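*Asks:* this is a predicted model, with the sequence first.
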Amino acid sequence: MPTEETKAAPAPRHSVPAPLAGGNRLVSLDVFRGITIAAMILVNDPGSWGHIYWPLEHAEWNGWTPTDLIFPFFLFIVGVAMTFSLASRVQRGASRAALAWHVFRRGALLFLIGLFLNAFPEFHWHELRFMGVLQRIGICYIAAGWLYLASFRATGGDGEPRSSAPSRRGIAILLVSAVVLLAGYWAMMKLVPVPGYGPGHLDPNGNLGAYIDRKLMGGHLWAETVTWDPEGLLGTFPAIATALLGILTGEWLRSSRTGARKAAGLAIAGVVGMAAGRLLHPFFPINKNLWTTTFVLFTGGFAMLALSLCYWLVDLRGHRRWTKPILVFGMNAIAVYAFSFLLSSASVNFGFYDRDGDLQSWHGWIYETFFLPHASPKNASLAFAVFFVLVCFLCAWPLYRKRIFLRI
């Protein structure tokens, strides 16, 4: 991940952006990102998918578990980080056109990396899954980034933004955009009839998003279902709103308010968002696979609350000694995620023939040899996941120690 993302750039005198507590770096954002990436690796790599404790599983459909928070947390963090990254580029003289190209290039690279990870290791292009985690992040990065650039204050004669922060009108643009995305998505999912099902069906196959995915992407959907995709096309629109909530949070943290007021305001907004999502749940269920409006409100509020705690603890109170292992993940997040995905896929798809002539994957052999004999199936599966996180940490540690932070 680019290190510039969390640098607080000095603002032009007429803009007066927020001073950050504890120096020129929002360390709490790196910590929050690192915890999120570590959790993502943990839930993605159990010893056995048949033996998992419930907090490490996704909700079967409606509702949520701690695992369902991870992806929206990361998308929220992407929005927060974008405000610092683009502000830094503005201070170095980047024009609006250059910023727009930077946002597009980065989002497109995320999408292409996601396609590569989906294809690895067989590279069967005729059945390649088009969408995925990084693909959704890439699309949201471009859409939210361009909306953010549109919210910047009026430009000068050379076409460069006069400020690295939106005006009040710009903030209103971002808020209205998020509301339109969330309300519009609700209306489409509840009111638009789906052939063969009718309007308002929110089951896996009968919802409008699944129908659109089947029509537009056919045999290129999630292999576990074939008929719908958890990172489908229509559900990406409310996911853009999640990134916009991150951008609004970033602007709040970059403001000139005191650190205590920032932390308190963020916590209050988080509680309100969570309450709104939960209260509206009976009318439009909290659902990660559909990325419902209530899911955006609930998880966005949860992310604000979690970041406010990290901000208060790390940046305001200065408790940082415990953060170094987490920063190993947080400051190279995309690289660590891609590496963990490739390592996991390789361990499952490659192996050897044992004495009986049976093909053993490396994943299965390590789990059954070193973990399963020494614990119950669920504990062994969890121990393997923790082991996998440690392996990723040991591989990322040299990069962190040498201050190598991979950019895309």
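*Replies:* Thanks, I have the structure now.

*Asks:* just name whatever secondary elements the helix or strand of the chain with the lowest mean pLDDT is in contact with.
*Replies:* Lowest by mean pLDDT, DSSP states H and E among the helices and strands of the chain is strand 351-353, with a mean of 85. With contacts taken as 3 or more CB pairs under 8 Å, 6 or more residues apart in numbering; DSSP states H and E, strand 351-353 sits against strand 359-361, helix 362-366. Bear in mind the C-beta positions are built from the backbone N, C-alpha and C, glycine included.

*Asks:* residues contacting it, please?
*Replies:* With CB atoms under 8 Å, 6 or more residues apart in numbering as the test, strand 351-353 has contacts from 359-365.

*Asks:* swap in stretch 386-405?
*Replies:* Stretch 386-405 is contacted by residues 1-3, 38, 41-42, 45, 325, 327-329, 331-332, 335-336, 339-340, 343-344, 371, 406 when judged by CB under 8 Å, 6+ apart.

*Asks:* ok, residue 143 to residue 392 distance?
*Replies:* Using CB to CB, to the nearest Å, one obtains 30 Å as the distance from residue 143 to residue 392.

*Asks:* equivalent analysis for residue 206, please.
*Replies:* In terms of CB to CB, residue 206 sits 39 Å off from residue 392.

*Asks:* who's more crowded, the two?
*Replies:* Of the pair residue 206 and residue 392, residue 392 is the one with more neighbours under other CB atoms under 10 Å, namely 23 against 15.

*Asks:* skipping adjacent residues, who's closest to that one in space?
*Replies:* Distances taken as CB to CB, 6 or more residues apart in numbering place residue 340 nearest to residue 392, at 4.9 Å, with adjacent residues excluded.

*Asks:* could you say which helix or strand holds that neighbour?
*Replies:* Residue 340 is located in helix 333-349, with elements delineated by DSSP states H and E.

*Asks:* buried ones in that helix?
*Replies:* By neighbour count on 16 or more other CB atoms under 10 Å, the buried set for helix 333-349 is 333-341, 343-345, 347.

*Asks:* what's the closest of the residues you listed to residue 147?
*Replies:* Proximity to residue 147 was ranked across the buried residues of helix 333-349 by CB to CB; first place goes to residue 334, at 21.9 Å.

*Asks:* quick check: the closest one touching residue 114?
*Replies:* No - using CB atoms under 8 Å, residue 334 makes no contact with residue 114, being 10.4 Å away.

*Asks:* mutual contacts of these two, please.
*Replies:* residue 134.

*Asks:* can you pull out the low-pLDDT segments for the stretch 1-150 of the chain?
*Replies:* Across the stretch 1-150 of the chain, the ranges flagged by pLDDT under 70 are 1-25.

*Asks:* can you list the strands that the least confident helix or strand of the chain pairs with?
*Replies:* Applying DSSP bridges, strand 351-353 is found paired with strand 359-361 (antiparallel).

*Asks:* returning to what we had before: and the gap between the residue nearest to residue 392 and residue 133?
*Replies:* The value you get for residue 340 to residue 133, if CB to CB is used, is 12 Å.

*Asks:* and the helices and strands packed on strand 351-353 as a markdown table, adding mean neighbour count, distance to residue 271 and mean pLDDT?
*Replies:* As requested, the helices and strands packed on strand 351-353 are exported to a markdown table (neighbours: other CB atoms under 10 Å; distance: least, CB to CB, whole Å; pLDDT from 0 to 100):
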| stretch | mean neighbour count | distance to residue 271 | mean pLDDT |
| --- | --- | --- | --- |
| strand 359-361 | 13 | 45 | 89 |
| helix 362-366 | 17 | 41 | 94 |
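
*Asks:* out of the ones you listed, which gets nearest to residue 234?
*Replies:* Across those, residue 234 has its closest neighbour in helix 362-366 (34.0 Å, CB to CB).

*Asks:* export that closest one to PDB, keeping only CA atoms.
*Replies:* Extracted in PDB, the C-alpha atoms of helix 362-366 (Å, rounded to 0.1, in the frame of the first residue of the first chain):
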ATOM      1  CA  TRP A 362       0.200 -29.300   1.200                       C
ATOM      2  CA  HIS A 363      -2.600 -27.600   3.100                       C
ATOM      3  CA  GLY A 364      -4.200 -30.900   4.000                       C
ATOM      4  CA  TRP A 365      -1.000 -32.600   4.900                       C
ATOM      5  CA  ILE A 366       0.200 -29.800   7.200                       C
END
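
*Asks:* can you give me the angle the helix or strand following it makes with helix 333-349?
*Replies:* Counting by DSSP H and E, the next helix or strand C-terminal to helix 362-366 is helix 377-401. Helix 377-401 runs at 140 degrees relative to helix 333-349, counting by axes from the mean of the first three to the mean of the last three CA atoms, to 10 degrees.

*Asks:* select, from the contacts of strand 351-353, the two members most distant in space.
*Replies:* Across these, the longest distance by CB to CB is 12.3 Å; it joins 359 and 363.

*Asks:* number of nearby residues for the nearest residue in space to residue 72 that is not next to it in sequence?
*Replies:* Nearest residue to residue 72, sequence neighbours excluded (CB to CB, 6+ apart): residue 299, at 3.8 Å. If you count neighbours by other CB under 10 Å, residue 299 ends up with 27.

*Asks:* what of the one 3 residues further on?
*Replies:* Neighbour count for residue 302, taken as other CB under 10 Å: 21.

*Asks:* and for residue 230?
*Replies:* 21.

*Asks:* contacts only, for it.
*Replies:* With CB under 8 Å, 6+ apart, residue 230 has these contacts: 222, 288-289.

*Asks:* cool, residue 225 as well?
*Replies:* For residue 225, the contacting residues are residue 204, by CB under 8 Å, 6+ apart.

*Asks:* state whether it is indeed within a strand.
*Replies:* No - counting by DSSP: H, G, I helix; E, B strand; the rest coil, one finds residue 225 to be coil, located in no strand.
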